[in-house]
Each structure stands twice: as C-alpha cells, then as structure tokens.
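K.L.:
after the sequence you'll find the predicted model.
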Amino acid sequence: MNDTDFERMPGLTEDQLSEIRDCFTHYLFFRKIKKDHIGIAGVNDRTEAYECVCSRCGAEYITAQELSHNLATTCEKCGCKVTAKHRSYGKKKLYEAVRVLVICPENENRVWLRAFWCVKNYQTEQGENLTPKIRKAEEARYLLEPRKKARHWRWGYNGGKFIWCEQKNPQEPFRSYMGYGGDYYMISLGKLSDTFLRYIDFRSWCAEYQDYYNCYLSHLYYSVLNVPDTRYMCEFAQYPIFESLIKAGFGELVAGKIAERRVLTTYFNWEADKLPDFFRNTDKSEIKWLHDADYQYISLKEYALFKRVYGKKDIDRYQQDKETFGMSFTEILKLIKKYKLRYTHSLNYLIAQNDKYRPTDRIKIKNDWSMLNIWTDYLRFAKELGYDMKNEIITHPKELMQAHDKAAKTVAAIQKKQAEEKAKVVNAENKKKYAFEYAGLRIVIPTCPDDIIREGKKLHHCVGGYSDRHFSGKLSILFIRKATAPDKPYVTMEVRGKKIMQVHGYRNDIKKPLSDEVLDFVEEFKQFINDPKKYEKVRKNDERYNSIGKIQQGGPAA
C-alpha cells in the first residue's frame, strides 16, 4: 500500500471529538467543604458546600446542591447529565473503553470511515486524574465510492513493522466472540446527507437484519445481536439496488447477502439499477409470491427445485404440495431429483405407503411422513446393489417395508463380508508392524471386534468403542499380555502409526498404577516401532537385553 492512499483522508473535527466524548459516561467528582460567609449581622458563618470537577467539560466549581456517591445529576456549567462520584473513593476500576466508527466524507463521492478504540482512565501511575484525555487507537479505515467495492485497511504487523494492510473483503471494524462484529457507536451520521449515501436507511436495515437473524441465525450462539452496519454501508455503496429492495419488502435478500454472503446469481442481478432488472428467471407472478413468502431464500431455492423436477412453473401446485408435505417437501424434491423419478407418481406413492404403514394412533398427526426415511434408505440400498433404477417396479415397490428389509439384509451381508476382508488386511499389516516380545511380555493383535469388546469388559475401560476405528485402519489397538498367559487381558495400548497414544490396565489404572515391567516394556516398544531395524541392530549384542528378553517378529505375537 502507498502512503498516498490516505493523503486526502479528512482528520477528526472538534464536533466529532465532542461526539466521541459523549459516548463515555460522564462523572462529577465532589468533596464536601466548609464555606465561610458573612451573615446579615456581620457574623462569620460556616456552611457545608461541595467542591466539584466535571469530567466532561473540566469545569471546577462550588455548589450548595447536596450530592451523594453515584447520584444522577447535572453539571451546572455544561448542562450535561453526570454521575456523582465522591473523590475519596478509589478509582482503580474507573476505566472505560468504547468503540466508535467516525464518518468522514471527503466529498460527495468519496466517504471515509475511521474506526477507533477510545479509552478513558481515571487512575494513572502518578495518582488520580479527574479529567483524563481520551486516548484513541485507530483500528480500521474504509473508503467508499459509488458502485465500487469498498476498500478496507486494518492496522497490522507486516514486514517487521506495523503498517496499514489492505484487506481482500470489507469486514466489521471490531472483532468479538466467534469473529462476529462487535458493537460500536456511529459518529457524524448526519454528514452522509451531503454524499451519495444520502438515502441509506439504517432504521429499516436494522429491522430487516433482526428479522433475518431470528429466522436463519438464532440457532447460533451469539451473546449479543450486533447489526453489521459498516458492511451494510460498504455494500450499499457498491449495490444501490439495496435501497429499492428494502423499500419493496425484499430486505431479507439484502440481509442474507451481508450476513451469509448469499448471492444466488442465477436469480439475482445485484448490479441492477431497477427492481425489475434485479430478478432473473423469475416472472411477475413469482416475484409477487416471493414477496409474500415468510422465508424468501428458502422458498426461492425450494421453488426452483420444484420447477426442475416438476418440469414447469406452477405456483399453485407448489403451494398445494408444500401444504401437504410441510417440512419434508424439500427432502422429497431432492429424492426425486437424485433418482430421476416421476414427480406426481412419486408423491402419490409416498402418500399411499405412508397411509399403509403408519400406526393408527399417529394417523391424525399432520406432516408425519415417517415412510420417507424408509423409502430414502431403500433407494440408497437399491443403488448400492446395482438394481435398475429406471424400472419403477424397483424404485416404487408395492410393499415398501418388505423391500426395504430385504435390501437392508443384503447390504448388511455384503458390508460384513467387506469388513471381514478389510480386517484380514489390517491384521496382517499389524502383525508385521507390531509383533514384539520383551522381558516376559508380548504384543497380541486383536483379530475381530469381539476381541476388543471383550478386552474392554474384562479390564473395565472403554476400549470396546475403538473397534470400528481399529479395523478401518485409523488406529491400532494392541494387547499387552504376559507371555505365560497370552489369552488373559492384562494391559491395553492405543497406537497411531509410530506414536503411542495411551496405555491403560484395569479400570484405567485409577486404583493401581502400571507396574515398572509394563512401563519398561512400553518404552522398549516405543523404540522398536520408531525404527525396528536400528532397534534390532542395537540390541542384538546387548548382554543385558539378551539376558531378559528377545525380539520376535511375525512369530508368537499373534
């Protein structure tokens, strides 16, 4: 980036600095004093008064108004609402930080946005400071121009120094939980009235975004709903059609584009100037229907899928079938599309099968399409088994439940055979890789899932849940057994490649830790799997090793 990029960027004005000051909480620090004055009779009289300092305007004055700690009052000098604070109270926690986005128009067609962290600290190293200056740290900058992608810079570290780094896509200026934009104050909004952004409507946008959030994003964990106003300004500058969409009742489309970058260029032309040019592959009746739809994005995508499988436009038929099948309608459309089924025939078939097999006590439950899952599974089984999916006798069997159960048994038998073949390969590889014996202990390789399940039951730990991953080759479960009792569970070990993940005995060694002989065995085994040839070479002439153990590969460790 060139330093010249910011030469024309306006600085902050006194009015803007004043607006920033008003974003903070204002305090009136006071202490009680005795005030002398001469009475009517010439007698010197002492009365109580309050010596005050306003944190906003910095004014110092004495007042007879009675004050108490944390009292909401008004500064007599600047008229600002303030919170009274007794000066004798500590100020270690009297620290406030706010985030602001300042709008700085350069001219009608160039608008700068500047984001600042601002801090007020009433306690310094030297002591208290009743009128601290605002310390500002600039976080981000934006440049908005008509029909151009907004430029966004962040203050970052690059090339050994801190510089302004231009971002690929404009984001919110402040980050918070889960990367979602943090809340901030908008400064000098009124200045937009003299720029090309004069028609931007934040109130309507906020309402539309909240509606979108409640419909599409409320299931996500966001501690606070923060409306992305900065991104809205950036995209409003690039796509003036936003104004017409929100006014015409299509604010959900705008919110979706900003919140989740939903563009759907097949149906929308975001570069359009007028609303009729915005919609693609959509006639007037469909636009009117979409306007009245509760969930515009979901409805549009579902209706597009309906047109594809039904073969023509028919809003009345779509609404009728949507009413019949409810939340299951999208899954039905996907199923018809995936297996190239006839639309009307498939819907009638599903209704008939659902009425036939649905329990009588659930017959009155609306949208209870329990047979849809059965049919989905059956069609998947049929395809896996190589059935003729163009034959409607196959895809729409007269007795769906019986056809499903038969296909499921066939698939299960095939999968079991495949699993057994794969298990043989895994066992052969493990025997070659992990066969090991040392100092009276040896590695035993499980040959079937029951071996691992039995090991977990005998030793009272959870290794039984690892059987699938073991026989799929994702990890290896190895049994450490005594050479004199190779069939009796002793210690279990999990290995991934050359790394030992965990070693546990009875009840995960909670009451009785692993013995020294097991720990020594594990350490030797770790060296062995890391480099078997080197291990064998080093230990071959080791007298200590020869006296207590031996390497056996491909032999008794079965």
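P.N.:
Noted; the coordinates are in hand.

K.L.:
please make it C-alpha for all contacts and neighbour counts, starting now.
P.N.:
Fine.

K.L.:
tell me the mean pLDDT over stretch 324-331?
P.N.:
Across stretch 324-331, pLDDT averages out at 92.

K.L.:
from what I can see residue 242 touches residue 254, true?
P.N.:
Yes - between residue 242 and residue 254 there is a contact at 6.4 Å, judged by Cα atoms under 8 Å.

K.L.:
show me the shaky parts of the stretch 201-350 of the chain.
P.N.:
220-224 (pLDDT under 70).

K.L.:
for it, what spans make up the helices?
P.N.:
202-212, 229-238, 241-247, 251-260, 275-278, 284-292, 296-310, 315-325, 329-339, 343-357 (DSSP state H, counting those that start in this stretch).

K.L.:
tell me what the third one is packed against?
P.N.:
Think helix 241-247. Helix 241-247 makes packing contacts with helix 202-212, helix 251-260, helix 275-278 when contacts are defined by 3 or more Cα pairs under 8 Å, 6 or more residues apart in numbering; DSSP states H and E.

K.L.:
cool, the last one as well?
P.N.:
The criterion is 3+ Cα pairs under 8 Å, 6+ apart, and the helices and strands that helix 343-357 contacts are helix 371-384.

K.L.:
who's in contact with the helix it packs on?
P.N.:
The contact list for helix 371-384, computed with Cα atoms under 8 Å, 6 or more residues apart in numbering, reads 332, 335, 350, 353-354, 357-358, 389, 394-395, 400-401, 403-404, 407-408, 411.

K.L.:
mind doing that once more with 7 Å?
P.N.:
Here helix 371-384 makes contact (Cα atoms under 7 Å, 6 or more residues apart in numbering) with 353, 354, 389, 395, 404, 407, 408, 411.

K.L.:
highest mean neighbour count out of the helices and strands packed on helix 241-247?
P.N.:
Mean neighbour count (mean count of other Cα atoms under 10 Å) peaks for helix 251-260 among the helices and strands packed on helix 241-247, with a mean of 20.

K.L.:
which strands or helices does that one pack on?
P.N.:
helix 202-212 (3 or more Cα pairs under 7 Å, 6 or more residues apart in numbering; DSSP states H and E).

K.L.:
now the helix it packs on and helix 251-260, what's the angle there?
P.N.:
80 degrees (axes from the mean of the first three to the mean of the last three Cα atoms, to 10 degrees).

K.L.:
using CSV, write out every CA atom in helix 202-212.
P.N.:
Presented in CSV, the C-alpha positions along helix 202-212 are these (Å, rounded to 0.1, in the frame of the first residue of the first chain):
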residue,chain,number,x,y,z
PHE,A,202,-30.3,2.4,9.0
ARG,A,203,-33.6,2.0,10.9
SER,A,204,-35.2,-0.1,8.2
TRP,A,205,-32.0,-2.1,7.7
CYS,A,206,-31.7,-2.8,11.4
ALA,A,207,-35.3,-4.2,11.4
GLU,A,208,-34.7,-6.3,8.4
TYR,A,209,-31.5,-7.7,9.8
GLN,A,210,-33.1,-8.6,13.1
ASP,A,211,-35.9,-10.4,11.2
TYR,A,212,-33.3,-12.4,9.2
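
K.L.:
gap between that helix and the chain center?
P.N.:
Distance of helix 202-212 from its chain centroid, counting by Cα atoms, centre = their mean, to the nearest Å, is 22 Å.

K.L.:
let the chain start at 86 from now.
P.N.:
Fine by me, first position is 86 from now on; the one you just mentioned is helix 287-297.

K.L.:
is it true that residue 183 touches residue 205?
P.N.:
No - in this structure residue 183 lies outside contact range of residue 205 using Cα atoms under 7 Å: 8.8 Å.

K.L.:
more crowded one of the two?
P.N.:
residue 205 (20 against 17; other Cα atoms under 10 Å).

K.L.:
ok, now how distant is the more buried one from residue 557?
P.N.:
Remark: distance between residue 205 and residue 557 (Cα to Cα, to the nearest Å) = 60 Å.

K.L.:
now swap in residue 318 and tell me
P.N.:
52 Å.

K.L.:
and for residue 218?
P.N.:
Using Cα to Cα, residue 218 is found at 65 Å from residue 557.

K.L.:
comparing residue 318 and residue 557, which shows the higher neighbour count?
P.N.:
With neighbours defined as other Cα under 10 Å, residue 318 and residue 557 compare such that residue 318 has more, 18 against 14.

K.L.:
now do the contacts for that one.
P.N.:
Contacts of residue 318 (Cα under 7 Å, 6+ apart): none.

K.L.:
now the helices of the stretch 286-435 of the chain as JSON lines including distance to residue 241?
P.N.:
Formatted as JSON lines, the helices of the stretch 286-435 of the chain follow (distance: least, Cα to Cα, whole Å):
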{"stretch": "helix 287-297", "distance to residue 241": "30"}
{"stretch": "helix 314-323", "distance to residue 241": "20"}
{"stretch": "helix 326-332", "distance to residue 241": "32"}
{"stretch": "helix 336-345", "distance to residue 241": "25"}
{"stretch": "helix 360-363", "distance to residue 241": "38"}
{"stretch": "helix 369-377", "distance to residue 241": "44"}
{"stretch": "helix 381-395", "distance to residue 241": "37"}
{"stretch": "helix 400-410", "distance to residue 241": "51"}
{"stretch": "helix 414-424", "distance to residue 241": "46"}
{"stretch": "helix 428-442", "distance to residue 241": "56"}
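
K.L.:
looking at those, which is closest to residue 609?
P.N.:
helix 336-345 (53.7 Å; Cα to Cα).

K.L.:
could you give the angle of the closest one to helix 381-395?
P.N.:
Using the same axes, to 10 degrees, helix 336-345 lies at 100 degrees relative to helix 381-395.

K.L.:
now helix 336-345: how far from the chain's centre is it?
P.N.:
17 Å.

K.L.:
what's it in contact with?
P.N.:
293, 294, 297, 316, 317, 327, 330, 347, 348, 381.

K.L.:
output the below-cut-off pLDDT ranges for this protein.
P.N.:
For the chain (pLDDT under 70), the answer is 86-88, 122-131, 209-212, 261-266, 305-309, 443-453, 626-643.

K.L.:
show me the helices in the stretch 486-635 of the chain, by range?
P.N.:
Along the stretch 486-635 of the chain, the stretches classed as helices by DSSP H, counting those that start in this stretch are 534-544, 552-556, 601-615, 617-625, 628-633.

K.L.:
and those helices, which is most packed in?
P.N.:
Among the helices of the stretch 486-635 of the chain, highest average neighbours (mean count of other Cα under 10 Å) belong to helix 552-556, with a mean of 19.

K.L.:
which strands and helices sit next to that helix?
P.N.:
Helix 552-556 packs on no helix or strand, going by 3+ Cα pairs under 7 Å, 6+ apart.

K.L.:
what's in contact with it?
P.N.:
Under the criterion Cα under 7 Å, 6+ apart, residues 508, 511, 534, 537, 560, 561, 562 lie in contact with helix 552-556.

K.L.:
and the fifth one, what does it touch?
P.N.:
Taking Cα under 7 Å, 6+ apart as the definition of contact, the neighbours of residue 560 are 554, 580, 581.

K.L.:
if I look at the residue lying closest to residue 162 once chain neighbours are set aside, how far off is residue 163?
P.N.:
Nearest non-adjacent residue to residue 162, counting by Cα to Cα, 6 or more residues apart in numbering: residue 144, 6.8 Å away. With distances taken as Cα to Cα, residue 144 is found 8 Å from residue 163.

K.L.:
more crowded one of those two?
P.N.:
residue 144 (15 against 12).

K.L.:
quick one: contacts of stretch 531-550?
P.N.:
With contact meaning Cα under 7 Å, 6+ apart, stretch 531-550 is reached by 512, 552, 563, 574, 590, 591, 592, 593.
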